[in-house]
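Colleague: only geometry, no sequence info:
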(Lines give C-alpha, C1' and ligand atoms only; values in the text may rest on other atoms or scores of the structure.)
Protein backbone atom coordinates (compact mmCIF):
# COMPACT_ATOMS: atom_id res chain seq x y z
CA UNK A 1 0.00 0.00 0.00
CA UNK A 2 2.90 2.39 0.72
CA UNK A 3 4.18 1.96 -2.84
CA UNK A 4 0.78 2.99 -4.22
CA UNK A 5 0.70 6.07 -1.97
CA UNK A 6 4.21 7.05 -3.06
CA UNK A 7 3.24 6.62 -6.72
CA UNK A 8 0.14 8.77 -6.21
CA UNK A 9 2.24 11.41 -4.42
CA UNK A 10 4.76 11.44 -7.31
CA UNK A 11 2.05 11.96 -9.93
CA UNK A 12 0.33 14.62 -7.79
CA UNK A 13 3.60 16.55 -7.35
CA UNK A 14 4.47 16.20 -11.04
CA UNK A 15 1.00 17.34 -12.07
CA UNK A 16 1.38 20.46 -9.92
CA UNK A 17 4.98 21.23 -10.94
CA UNK A 18 5.83 24.83 -11.80
CA UNK A 19 9.60 24.28 -12.16
CA UNK A 20 11.20 21.27 -13.85
CA UNK A 21 14.96 20.81 -14.16
CA UNK A 22 16.04 18.03 -16.51
CA UNK A 23 19.50 19.44 -17.11
CA UNK A 24 22.45 17.15 -17.83
CA UNK A 25 20.42 13.93 -18.01
CA UNK A 26 21.55 12.74 -21.48
CA UNK A 27 17.98 12.97 -22.73
CA UNK A 28 17.29 12.47 -26.43
CA UNK A 29 13.70 13.71 -26.04
CA UNK A 30 11.64 15.59 -23.48
CA UNK A 31 9.49 13.15 -21.46
CA UNK A 32 5.79 13.04 -22.35
CA UNK A 33 4.66 13.98 -18.83
CA UNK A 34 6.28 17.42 -19.19
CA UNK A 35 3.72 18.41 -21.83
CA UNK A 36 0.91 17.81 -19.31
CA UNK A 37 2.16 20.53 -16.94
CA UNK A 38 -0.36 23.30 -17.52
CA UNK A 39 1.03 25.44 -14.66
CA UNK A 40 4.69 25.04 -15.62
CA UNK A 41 6.63 28.31 -15.33
CA UNK A 42 10.26 27.18 -15.79
CA UNK A 43 11.68 24.30 -17.84
CA UNK A 44 15.41 23.54 -17.83
CA UNK A 45 16.56 20.95 -20.38
CA UNK A 46 20.18 22.10 -20.85
CA UNK A 47 23.20 19.87 -21.56
CA UNK A 48 21.33 16.99 -23.14
CA UNK A 49 21.27 15.29 -26.53
CA UNK A 50 18.06 16.72 -27.98
CA UNK A 51 18.10 16.75 -31.79
CA UNK A 52 14.48 17.75 -32.40
CA UNK A 53 11.52 19.02 -30.39
CA UNK A 54 7.89 17.93 -30.67
CA UNK A 55 5.36 20.41 -32.03
CA UNK A 56 3.31 20.72 -28.85
CA UNK A 57 4.76 23.71 -27.00
CA UNK A 58 1.41 25.50 -27.22
CA UNK A 59 0.23 23.38 -24.25
CA UNK A 60 2.73 25.17 -21.98
CA UNK A 61 0.85 28.47 -21.98
CA UNK A 62 2.19 29.61 -18.57
CA UNK A 63 5.87 28.99 -19.33
CA UNK A 64 8.08 32.00 -18.44
CA UNK A 65 11.61 30.53 -18.65
CA UNK A 66 12.96 27.91 -21.06
CA UNK A 67 16.57 26.73 -21.18
CA UNK A 68 17.42 24.40 -24.07
CA UNK A 69 21.11 25.35 -24.28
CA UNK A 70 23.86 22.83 -25.04
CA UNK A 71 21.82 20.39 -27.09
CA UNK A 72 21.98 19.46 -30.78
CA UNK A 73 18.86 21.20 -32.06
CA UNK A 74 18.86 22.20 -35.73
CA UNK A 75 15.39 23.80 -35.89
CA UNK A 76 12.39 24.75 -33.78
CA UNK A 77 8.76 23.67 -34.23
CA UNK A 78 6.11 26.17 -35.32
CA UNK A 79 4.32 25.78 -31.96
CA UNK A 80 7.31 27.53 -30.38
CA UNK A 81 5.78 30.85 -31.45
CA UNK A 82 2.80 30.11 -29.21
CA UNK A 83 4.76 30.61 -25.99
CA UNK A 84 3.19 34.04 -25.49
CA UNK A 85 4.16 34.35 -21.78
CA UNK A 86 7.81 33.35 -22.22
CA UNK A 87 10.23 35.96 -20.84
CA UNK A 88 13.60 34.18 -20.90
CA UNK A 89 14.84 31.80 -23.59
CA UNK A 90 18.25 30.21 -23.95
CA UNK A 91 19.05 28.24 -27.09
CA UNK A 92 22.80 28.80 -27.03
CA UNK A 93 25.29 26.16 -28.12
CA UNK A 94 23.00 24.21 -30.43
CA UNK A 95 23.10 23.72 -34.20
CA UNK A 96 20.21 25.99 -35.17
CA UNK A 97 20.35 27.17 -38.77
CA UNK A 98 16.96 28.95 -38.91
CA UNK A 99 14.16 30.24 -36.69
CA UNK A 100 10.40 29.87 -37.27
CA UNK A 101 8.67 32.74 -39.07
CA UNK A 102 6.24 33.15 -36.18
CA UNK A 103 8.98 33.97 -33.67
CA UNK A 104 7.19 37.26 -32.95
CA UNK A 105 4.59 35.22 -31.05
CA UNK A 106 7.04 35.38 -28.13
CA UNK A 107 5.67 38.85 -27.35
CA UNK A 108 6.77 38.96 -23.68
CA UNK A 109 10.34 37.77 -24.30
CA UNK A 110 12.93 39.90 -22.46
CA UNK A 111 16.14 37.84 -22.65
CA UNK A 112 17.09 35.76 -25.68
CA UNK A 113 20.34 33.83 -26.05
CA UNK A 114 20.96 32.36 -29.51
CA UNK A 115 24.74 32.46 -29.25
CA UNK A 116 26.93 29.73 -30.75
CA UNK A 117 24.60 28.31 -33.37
CA UNK A 118 24.72 28.24 -37.17
CA UNK A 119 22.19 30.99 -37.93
CA UNK A 120 22.76 32.69 -41.28
CA UNK A 121 19.75 35.03 -41.12
CA UNK A 122 16.84 36.06 -38.90
CA UNK A 123 13.16 36.15 -39.86
CA UNK A 124 11.62 39.57 -40.49
CA UNK A 125 9.16 38.76 -37.67
CA UNK A 126 12.05 39.20 -35.23
CA UNK A 127 11.13 42.88 -34.95
CA UNK A 128 7.90 41.88 -33.19
CA UNK A 129 9.76 41.02 -29.98
CA UNK A 130 8.82 44.42 -28.53
CA UNK A 131 9.77 43.62 -24.90
CA UNK A 132 13.24 42.27 -25.68
CA UNK A 133 15.96 43.81 -23.49
CA UNK A 134 18.95 41.49 -24.00
CA UNK A 135 19.83 39.66 -27.22
CA UNK A 136 22.85 37.42 -27.81
CA UNK A 137 23.47 36.46 -31.44
CA UNK A 138 27.23 36.00 -31.06
CA UNK A 139 29.17 33.17 -32.70
CA UNK A 140 26.76 32.57 -35.58
CA UNK A 141 27.08 33.02 -39.36
CA UNK A 142 24.95 36.11 -39.82
CA UNK A 143 25.89 38.25 -42.83
CA UNK A 144 23.12 40.82 -42.35
CA UNK A 145 20.31 41.74 -40.01
CA UNK A 146 16.65 42.34 -40.90
CA UNK A 147 15.52 45.98 -40.83
CA UNK A 148 12.83 44.91 -38.36
CA UNK A 149 15.52 44.33 -35.72
CA UNK A 150 15.71 48.10 -35.34
CA UNK A 151 12.11 48.16 -34.08
CA UNK A 152 13.29 46.59 -30.81
CA UNK A 153 12.94 49.88 -28.97
CA UNK A 154 13.44 48.32 -25.50
CA UNK A 155 16.68 46.51 -26.40
CA UNK A 156 19.54 47.41 -24.04
CA UNK A 157 22.22 44.79 -24.83
CA UNK A 158 23.08 43.37 -28.24
CA UNK A 159 25.87 40.82 -28.72
CA UNK A 160 26.79 40.35 -32.38
CA UNK A 161 30.49 39.45 -32.12
CA UNK A 162 31.98 36.56 -34.12
CA UNK A 163 29.56 36.68 -37.06
CA UNK A 164 30.10 37.55 -40.73
CA UNK A 165 28.21 40.83 -40.78
CA UNK A 166 29.12 43.04 -43.72
CA UNK A 167 26.60 45.83 -43.01
CA UNK A 168 24.10 47.01 -40.41
CA UNK A 169 20.56 48.27 -41.11
CA UNK A 170 20.36 51.98 -41.92
CA UNK A 171 17.73 52.57 -39.23
CA UNK A 172 19.98 51.42 -36.37
CA UNK A 173 19.00 54.54 -34.42
CA UNK A 174 15.66 52.83 -33.72
CA UNK A 175 17.49 51.04 -30.92
CA UNK A 176 17.08 54.06 -28.64
CA UNK A 177 17.63 52.19 -25.33
CA UNK A 178 20.77 50.32 -26.49
CA UNK A 179 23.51 50.56 -23.83
CA UNK A 180 25.84 47.73 -24.85
CA UNK A 181 26.74 46.73 -28.40
CA UNK A 182 29.48 44.24 -29.33
CA UNK A 183 30.29 44.08 -33.06
CA UNK A 184 33.85 42.72 -32.82
CA UNK A 185 35.08 39.97 -35.16
CA UNK A 186 32.77 40.77 -38.07
CA UNK A 187 33.46 41.91 -41.63
CA UNK A 188 32.02 45.42 -41.31
CA UNK A 189 33.69 48.08 -43.42
CA UNK A 190 31.43 50.99 -42.45
CA UNK A 191 28.67 51.81 -40.02
CA UNK A 192 25.36 53.60 -40.61
CA UNK A 193 25.37 57.31 -39.82
CA UNK A 194 22.41 57.00 -37.46
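Modeller: Right, received. Where do you want to start? In this text the structure is predicted, and so the values were computed from the model without any measurement. Numbering: from 1, shown residues only.
Colleague: Going by C-alpha atoms from here, please, whenever you check contacts or count neighbours.
Modeller: Fine.
Colleague: can you give me the helices in the chain?
Modeller: When assigned using DSSP state H, the helices of the chain occupy the ranges 2-15.
Colleague: any idea how far residue 133 is from residue 91?
Modeller: Residue 91 sits 16 Å away from residue 133, going by C-alpha to C-alpha, to the nearest Å.
Colleague: and those two? which has more neighbours close in?
Modeller: Counting neighbours by other C-alpha atoms under 10 Å for residue 91 and for residue 133 shows that residue 91 has the greater number, 23 against 19.
Colleague: what about residue 191, how many residues close to it?
Modeller: Applying other C-alpha under 10 Å, we find 12 residues neighbouring residue 191.
Colleague: That one: what's it in contact with?
Modeller: Neighbouring residues of residue 191 by C-alpha atoms under 8 Å, 6 or more residues apart in numbering: 167-168.
Colleague: And the pLDDT for it?
Modeller: Each residue has a pLDDT score; the one for residue 191 is 83.
Colleague: I'd like the distance between it and residue 183.
Modeller: 11 Å.
Colleague: same thing with residue 21?
Modeller: Distance, residue 21 to residue 183, by C-alpha to C-alpha: 34 Å.
Colleague: swap in residue 17?
Modeller: Distance of residue 17 to residue 183, computed by C-alpha to C-alpha: 41 Å.
Colleague: Over to residue 157?
Modeller: On the measure of C-alpha to C-alpha, residue 157 and residue 183 end up 12 Å apart.
Colleague: of the two, who's got more company?
Modeller: For residue 157 versus residue 183, the count of surrounding residues by other C-alpha under 10 Å is larger for residue 157: 19 against 15.
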